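J.: Pasting a predicted model and its sequence here:
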Number of protein chains: 2
Amino acid sequence: MLLEYTILGLLSEKPMTGYDLKKVMAASSCLYWSGNNNQIYKALLSLVGQGCLTSETIHQDSAPSKKVYAVTDAGRQALSAWLASVPVEPPEFRNPFLVQLSLAVFAAPGRVGAMLTQYREELELRQAMEHERHRRRQGVMSWLDRQLFANLDRFYQAELDWADQALCEWQQRSEENP
Amino acid sequence: MLLEYTILGLLSEKPMTGYDLKKVMAASSCLYWSGNNNQIYKALLSLVGQGCLTSETIHQDSAPSKKVYAVTDAGRQALSAWLASVPVEPPEFRNPFLVQLSLAVFAAPGRVGAMLTQYREELELRQAMEHERHRRRQGVMSWLDRQLFANLDRFYQAELDWADQALCEWQQRSEENP
DNA sequence: CATGCCATGTAAGGCGTTACATGATTTC
DNA sequence: GAAATCATGTAACGCCTTACATGGCATG
């Protein structure tokens, strides 16, 4: 559902092919789908069937033919009707590391410190990658882009702060109960 | 995979039935599976097949028979081998609200303010629920429990702070470009 | 000569969810 | 008398992922 409306939204800005959509999704940090063919091409077909999109086939000489999709009035209406009706959804925060950590505390306490350190490093790496992406686009960031970046950055920062404190408390605990 | 090892971990603390596991998962905030029958009973069967669990059927007079599962030595070994070998996994943060917001900025800018406010309220509610759970268990919280709570709380707080700032910046922007 | 990009699509399967089915006992 | 708890399991389905298939063109 969300994916279909997302496609509708992306195509509202400018008509695109399925291949373009795939790249946009892969490049975005908030569009969390993998951007795989199966979903995108099926969704496009479905949206055309619902009258929300039109498709125009363009033949190219030095590349395979492509289908450019554009949003219809019905599509624009469907999108805004949906936006007006859906309740805001809560974020879902799935952290397999927390599960791993819980298991380790009982089954391999010796590894807890190393795991926390590794987690920290992983987070720092990802945060740095996001910062790099941000740096490169400086100047061409819209209000929305800035908010999306800020959201992700706060998330990473919160996790990093947590990891620091958890590691600190773990070391204290290890000294007390050796 | 993770689910199976999680079950192994939970049963390491004490033998339980599938029904018990379901309740433990539903009660946990870091065990993000819905705790549905289909997965749990299948996983238990699979783990028995792998020799990681034994099951003992217990007949009860005033309730249906139940199967109590316990971890074998092979199971304990499999768990610690896995813990020693898996790399720490990064958190996956899927926030459908960010997608909704992105769409709204273009397709329904008039709703953006209300959406941010609603998101804030939703977050506050969930944070309050977590605090309540925390308050009730005060005193019986292990180091791990405290860390898991702290992690979730930092997450909510980061989102709340973000929402505040986004709302503030949105209102400023609205005044500048009316 | 290999790799990668452009571009569309299909196939197979894993993971996860809700809902269904059963049936006795306890609680309001 | 209705609803929840205990307890195990099945069925159907949706979502999402990887991998496969095709084939020309460009780049190193």
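T.: All right, it came through fine. Numbering: from 1, shown residues only, chains lettered A, B, ... in the order given.
J.: use CA for all of it now, contacts and neighbours both
T.: Fine.
J.: Name every strand pairing with the lowest-mean-pLDDT helix or strand in chain A and say which way it goes.
T.: Sorted by mean pLDDT, DSSP states H and E, the helices and strands of chain A end with strand A:92-94, the least confident at a mean of 91. Paired with strand A:92-94 in the same sheet, following DSSP bridges, are strand B:92-94 (antiparallel).
J.: Counting neighbours, show which residues of the strand it pairs with come out buried.
T.: B:93, B:94 (16 or more other CA atoms under 10 Å in any protein chain shown).
J.: What of stretch A:13-29?
T.: A:15, A:16, A:17, A:18, A:19, A:21, A:22, A:25, A:26.
J.: how long is it end to end?
T.: Its first and final residues considered, stretch A:13-29 spans 18 Å by CA to CA, to the nearest Å.
J.: helices and strands around the lengthiest helix in chain A, which ones?
T.: Assignment by DSSP state H gives helix A:143-176 as the longest helix of chain A. Helix A:143-176 sits against helix A:112-136, helix B:96-107, helix B:143-176, with contacts defined as 3 or more CA pairs under 8 Å, 6 or more residues apart in numbering or on different chains; DSSP states H and E.
J.: Tell me who's in contact with residue A:138.
T.: Applying CA atoms under 8 Å, 6 or more residues apart in numbering or on different chains, we find residue A:138 in contact with no residue.
J.: That one in helix, strand or coil?
T.: Secondary structure assignment for residue A:138 (DSSP: H, G, I helix; E, B strand; the rest coil): coil.
J.: for it, phi and psi?
T.: phi -50, psi 130 (degrees, to the nearest 10).
J.: what does residue A:54 give?
T.: The phi/psi pair for residue A:54 (degrees, to the nearest 10) is phi -110, psi 150.
J.: and it, how far is that from chain B?
T.: 19 Å (CA to the nearest CA, to the nearest Å).
J.: contact partners of stretch A:123-134?
T.: A:149, A:153, A:156, A:159, A:160, B:90.
J.: pLDDT of that stretch, averaged?
T.: Stretch A:123-134 carries an average pLDDT of 93.
J.: Give the buried residues for it.
T.: A:123, A:124, A:127, A:130, A:134.
J.: Out of those residues, which comes closest to residue B:48?
T.: Nearest to residue B:48 among the buried residues of stretch A:123-134: residue A:123, at 36.2 Å, using CA to CA.
J.: can I get the buried residues of stretch A:13-29 in JSON lines with secondary structure and pLDDT?
T.: Putting the buried residues of stretch A:13-29 into JSON lines (DSSP: H, G, I helix; E, B strand; the rest coil; pLDDT from 0 to 100) gives the following:
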{"residue": "A:15", "secondary structure": "coil", "pLDDT": "97"}
{"residue": "A:16", "secondary structure": "strand", "pLDDT": "97"}
{"residue": "A:17", "secondary structure": "coil", "pLDDT": "97"}
{"residue": "A:18", "secondary structure": "helix", "pLDDT": "97"}
{"residue": "A:19", "secondary structure": "helix", "pLDDT": "96"}
{"residue": "A:21", "secondary structure": "helix", "pLDDT": "97"}
{"residue": "A:22", "secondary structure": "helix", "pLDDT": "96"}
{"residue": "A:25", "secondary structure": "helix", "pLDDT": "94"}
{"residue": "A:26", "secondary structure": "helix", "pLDDT": "92"}
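J.: Fine by me, thanks again.
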